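Enquirer: No letters, just coordinates:
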């Protein structure tokens, strides 16, 4: 890879901690002072380059609010950045989605005071006021479900608008507990959102930038894949090898190495973490011994 500088946007706010942890786990630690907006990303490339490895991309990073990240990617001033799918939809972005991290999952929902609802629905024939930070998303919902309703833009804390200042809100929620605490009931779900890695169309049209952006997605994705799996290592007698491997979940095929001149085998698989509780006892029942379960840092399928 040629010497490439990738203009990277990192989120300020609630998504920041998880994104920075993800970057660090991918071998791209982000260093910044508490009030700084231009962090240093990565480092330590020189050793790899001295050994003849491909040159890794450099990053010119900046902290921005997720809404601004979407806008800057669309403008092309930032090549790649992390933002929520909700703001990408709200702003009508044409950014290219490289990876869904699954982090910070939220739902964009429509909610109203429970006291206002009739059989769980909004009352017919009433002129409604809808409040939201998401004007585009809210107006799309209004056109389908509440034609003639008025819109009020909120700038945070949308849940406090009803009942005095709005009848309905369109807002994001993770658990719904804040809505419930404010006497609101969810009446519709508009979309599901999570933190995604996006690239600008301008960057994706430049071969070197595209390769760098896809390499970043590969590194970050390998961490996410590793978080879902663990490495299982187990020894098994030769006469029970087929019985054991028949139950093992693996990505392509298990790694099998002979022991004791072929009398036994060592087997390794990257197994789903969620399967461990049932898998370990079954491995034991099928002749497995010396079972070792270890964490994975990165996993590239």
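Expert: Perfect, thanks for sending it. These figures come from a predicted structure and were not determined experimentally.
Enquirer: show me where this structure has helices.
Expert: With DSSP state H as the criterion, the chain has helices at 16-25, 45-50, 66-75, 85-90, 135-145, 177-181, 201-204, 207-227, 241-245, 276-285.
Enquirer: Please point out which parts of the fifth one sit buried.
Expert: The neighbour-count criterion (16 or more other CB atoms under 10 Å) identifies 137-138, 141-142 as the buried residues of helix 135-145. No exception for glycine: its C-beta is placed from N, CA and C like everyone else's.
Enquirer: Which of those residues sits closest to residue 196?
Expert: residue 137 (16.3 Å; CB to CB).
Enquirer: so that closest one touches residue 171, yeah?
Expert: No: applying CB atoms under 8 Å as the test, residue 137 and residue 171 come out as separate, 10.0 Å apart.
Enquirer: Now do the shared contacts for these two.
Expert: Shared contacts of residue 137 and residue 171 (CB atoms under 8 Å, 6 or more residues apart in numbering): residue 108.
Enquirer: quick one: contacts for the residue most central in space within the chain?
Expert: With distances taken as CA atoms, centre = their mean, residue 101 lies nearest the centre of the chain, 2.1 Å away. Residues counted as contacts of residue 101 (CB under 8 Å, 6+ apart) are 18-19, 22, 82, 194-197, 220, 224.
Enquirer: Quick check: pLDDT value at it.
Expert: Per-residue confidence (pLDDT) for residue 101: 98.
Enquirer: Could you do residue 32 as well?
Expert: 82.
Enquirer: what's the burial count for it?
Expert: Residue 32 is flanked by 15 other residues according to other CB atoms under 10 Å.
Enquirer: ditto for residue 126
Expert: 12.
Enquirer: show me what contacts residue 38?
Expert: So residue 38 contacts 32, 61-63 (CB under 8 Å, 6+ apart).
Enquirer: what's the farthest-apart pair in these?
Expert: In those, the most distant members under the criterion CB to CB are 32 and 62, with 10.1 Å between them.
Enquirer: where do the contact lists of those two overlap?
Expert: 38-39.
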